[in-house]
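# coords please:
(2 chains)
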Amino acid sequence: MKIVYTDSLIIGGGLAGLRIAIAAKQRGFDSIVLSLMPAKRSHSAAAQGGMQASLGASIKGEGDNEDVHFEDTVKGSDWGCDQDVARMFVNTAPKAIRQLCAWGVPWSRVRKGDREVVINGQKVTITEKDEAHGLITSRDFGGTKKWRTCFTSDGTGHTMLYAMDNKAIQLGIQVHERKEAIAIIHEDGVCHGAIVRDLITGELIAYVAKATVIATGGYGRLYEVTTNAVISEGIGNAIALETGVAPLGNMEAVQFHPTAIVPVGILTTEGCRGDGGLLLDKDGYRFMPDYEPGKKELASRDVVSRRMTEHIRKGKGVPSRYGDHLWLDITLLGRAHIEKNLREVKEICEYFLGIDPVKEYIPVRPTQHYSMGGVRTKPTGESPTMRGLFSAGEAACWDMHGFNRLGGNSVAETVVAGMIVGEYVADYCAENPLKIDTKLIEKFMDREKEKISTLLSREKGESSFALKKEMQQIMMDKVGIFRNEADLSQAVEELKVLHQRSKNIALRHKIASSNPELVEAIRVPKMIRLAQCVAYGAMLRKESRGAHAREDYPERNDRDWLKRTLTFWKDENADLPEVQYEELDVMKMEMPPGSRGYGVDNTIHHPDTEKRVAQLEDIKKANPSADRFEMQRLLNPIEIPDKFRGKNERIGKGFK
Amino acid sequence: MSDERILKFHILRYNPQVKGDVPTMKTYEVKEAPGMTIFIALNDIRENHDPSLQFDFICRAGICGSCAMIINGHPDLACRTLTSKFPDGEIKLLPLPGFELIGDLSVNTGKFMRAMSERVESWIHDTYADSVDLDRLEERMDPDIAEQIYELERCVECGCCVSACATKRMRDGFLTAVGFMRLARYALDPRDKRSDDEFYEIVGDDEGVFGCMTLLGCQDYCPKDLPHQTQIAYLRRRMALVK
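I've put the predicted structure just below:
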């Protein structure tokens, strides 16, 4: 039995995982990162548009600060987020971006003087201040009050990931490539590492660690069409679920991005609309102002995706052999801008559509994009029910996104959570001994070996490729942008059947070493269980919140549903996950539930909301001289690692 | 494209993990679909013809660099190569040379690229980088310099330049264009405090920039159109000035 020991084992080599490895290493702990492929190929690289941080250097970001970013994030989440976490996040984001700046990200900078931009379809000249010249600039994104999204031309994720991986290489952090964690080793509510399969040799290796971190990204590939990379299959989530002890949070919260190209689902960044691009229908008509006169194309993602779907349903879509779509028009931005700031978009259009977006419209449709749900954690990043198991980034339900994530807040989360959770991982490594119980390790090792040999020896059975296709189709058709009881309950039943069938997978190619069919056979049953969590959670949640839109329950129902869904898979032989709920306490909210300002407000209010609003007013009245920092502490005192407590400096504002 | 073509894929098959396996070319027939890429076709082959076929795709959008292979004689990213590009419907796929073979079309670029990064010390060299006060305004940078750095940092480590490099064939330890580009990126960055003498230590020999025979396969086959020719010439000149 091969065993590898380390202090912190990080599963996933994207931005969040690497940042945690760096944090642990810098605190003197040994870290190993497991990755399905070279870390620089992680899906983090695909973030084209940018990272939100309230630096406020650009003239259109003036007046921005942590409080404004907090409000946007909480509103964006449709009050589903954990406000303590959102607070930790907004306060730390400026530090994260400045650290990445020191580590080499070539952030695009403010250029003093006049420049032409497109706002609301019109060319406008804005003037950047002399004193801001050379500081990190920002662009507009959906659902934000200020231009807050910092970027590197159109390769933000790429440059962040390269800087992060290079930093990890500098520190000598080992990335064990082409390794897949297939089970968590645990006992009595404590995690001790993972059973890992080498994707080249097929060997099973036990990685034993004090702290284990799941940073494997989202589960977009549960859907047939998604903007996600082909490796975003949620396997990290699934192995947490399969412990029976660690819950997943809000799995039904799935985001659809308004502008992925048709048919292949590759993303064109929100930066297209942030920079002034428009959405048009089959008549070339700009329809968003009719639905959302305030934010128009730059309403929150969930809102724009729903409005687009509504508009298509009215017969205004452009018919194509792949179904109806709409147009994204960026021709008005001009060649120079597109070739510099939206070059990836241009390349994608040229290679995959054979069109030139400088002159032609881009066919787009709302497409699965982001998983708000994931491994439920405390604000420290640790599972509430399993010690030593941490999670961060898209894989986690740390819960700063609630039911809808703002554009630019995902790469921001990866690095901020990486910093914060990284400190708590290091604390855990400092406080706990490495426990090596070979009997325990052997138990998990044998179980996984047994599963694989069963797969390899079964003569006849189901095809994992076929099962996956069926699952993806169910999720597309019945657990999509608009949901209803009939579809969802059908999806739940059909997935149950698939779950049963997935116990009888047989392979055509029966070798234990590098074998893509075996990889698939190990993953697909895990993916089906995740799909069941999504569909079942969606069926039970009888309200509409953020990206979870029920046609039969169109109102946000704070009275009954201001709570987080927790799914467990306690009984290996069960047909469905077990669901519990975690209440969100209105009386502790810094920002009590209100209206997001889109469409008609039909919220069913929580009985505590009025009380909390009055209480906050009283606190404000009783402390008339408190500045915004003191006030924030009064309204919502949060724990945050010491090193991230400082106030953030801004041009023209100092530390105020 | 209403009349559907039958594409013929000729693929090198070899699994070094299986004892006694020998490299062979195998042919698979796939019905072409509109907008079909080699990514779609290879998955079709894996699902419907041969589930043991090995290849690497991650982003399938031309940004992660994992799927470079030799397509009808030329290195390129398979995910964004449309099958309609090939009028006779014959597509020959080989793994990228210059890298350790994992199996079939899958090669170990990760190992090579990590070694390259360690060799050129692919990070900002600044003693103060880890003691920067994160609460304060970041150090300013000329907007043009930031853009120029990004231009050189667009490399996705796909390995096309390595496989297209004749010098690398002759001299196994040759750094290749991906390494030169990385070094040029840091040499341009004012945050990196390394001197030309220090860069010279890394690339100032025949395994480095003076070994390049200037055949420039790197320039011809870079899927990101990076300015390899200019940067190699620039680095060589700059290094030649170091005594």
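# now B:Tyr150, nearest residue through space, not along the chain?
A:Pro106 (4.7 Å; C-beta to C-beta, 6 or more residues apart in numbering or on different chains). C-beta: built from backbone N, CA, C; applies to glycine.
# surely the one you found meets B:Asp189?
Yes - shown here, A:Pro106 and B:Asp189 form a contact pair, counting by C-beta atoms under 8 Å, at 7.5 Å.
# ok, the two, which is more surrounded?
More crowded of A:Pro106 and B:Asp189, by other C-beta atoms under 10 Å in any protein chain shown: A:Pro106, with 26 against 22.
# distance of that one relative to A:Thr159?
For A:Pro106, the distance to A:Thr159 (C-beta to C-beta, to the nearest Å) stands at 6 Å.
# which residues do these two both contact?
The contact sets of A:Pro106 and A:Thr159 overlap at A:152, B:150, B:153 (C-beta atoms under 8 Å, 6 or more residues apart in numbering or on different chains).
# can I get those residues in a markdown table including distance to A:Cys397?
What follows is these, written out as a markdown table (distance: C-beta to C-beta, whole Å):
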| residue | distance to A:Cys397 |
| --- | --- |
| A:Thr152 | 28 |
| B:Tyr150 | 33 |
| B:Glu153 | 33 |
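# shared neighbours of A:Pro106 and B:Asp189, anything?
With contacts taken as C-beta under 8 Å, 6+ apart, A:Pro106 and B:Asp189 have B:Ile149 as neighbours in common.
# remind me, longest helix of chain A?
Assignment by DSSP state H gives helix A:516-540 as the longest helix of chain A.
# can you give the strand pairings for the helix or strand following that helix, parallel or anti for each?
Later in the chain than helix A:516-540, the nearest helix or strand by DSSP states H and E is strand A:549-550. Sheet pairing of strand A:549-550 (DSSP bridges) gives strand A:482-483 (parallel).
# neighbour-wise, which one of the shared contacts of A:Pro106 and A:Thr159 leads?
A:Thr152 (27 neighbours).
# surely that residue meets A:Arg109?
No - assessed by C-beta under 8 Å, A:Thr152 is found out of contact with A:Arg109, at 10.1 Å.
# residues shared between the contacts of these two?
Residues touching both A:Thr152 and A:Arg109 (C-beta under 8 Å, 6+ apart) are B:Ala146.
# what about stretch B:41-55, near chain A?
Yes - using C-beta under 8 Å from any C-beta of the partner chain, stretch B:41-55 reaches chain A at B:46-47, B:50-54.
# got those as CSV, with neighbour count columns?
CSV is the format used below for these (neighbours: other C-beta atoms under 10 Å in any protein chain shown):
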residue, neighbour count
B:Arg46, 20
B:Glu47, 19
B:Asp50, 17
B:Pro51, 20
B:Ser52, 20
B:Leu53, 24
B:Gln54, 23
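# okay, those residues in JSON lines with distance to A:Val425 and pLDDT next?
Below are the residues of stretch B:41-55 next to chain A laid out as JSON lines (distance: C-beta to C-beta, whole Å; pLDDT from 0 to 100):
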{"residue": "B:Arg46", "distance to A:Val425": "37", "pLDDT": "96"}
{"residue": "B:Glu47", "distance to A:Val425": "39", "pLDDT": "94"}
{"residue": "B:Asp50", "distance to A:Val425": "42", "pLDDT": "95"}
{"residue": "B:Pro51", "distance to A:Val425": "38", "pLDDT": "96"}
{"residue": "B:Ser52", "distance to A:Val425": "39", "pLDDT": "95"}
{"residue": "B:Leu53", "distance to A:Val425": "39", "pLDDT": "97"}
{"residue": "B:Gln54", "distance to A:Val425": "34", "pLDDT": "98"}
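# farthest-apart pair in those residues, please.
B:Glu47 and B:Gln54 (13.9 Å; C-beta to C-beta).
# now do the contacts for the residue in the stretch 301-450 of chain A that chain B sits nearest to.
The nearest approach of the stretch 301-450 of chain A to chain B comes at A:Tyr351, 4.1 Å away (C-beta to the nearest C-beta). Counting by C-beta under 8 Å, 6+ apart, A:Tyr351 touches B:62, B:80, B:82.
# right, I'll leave it there.
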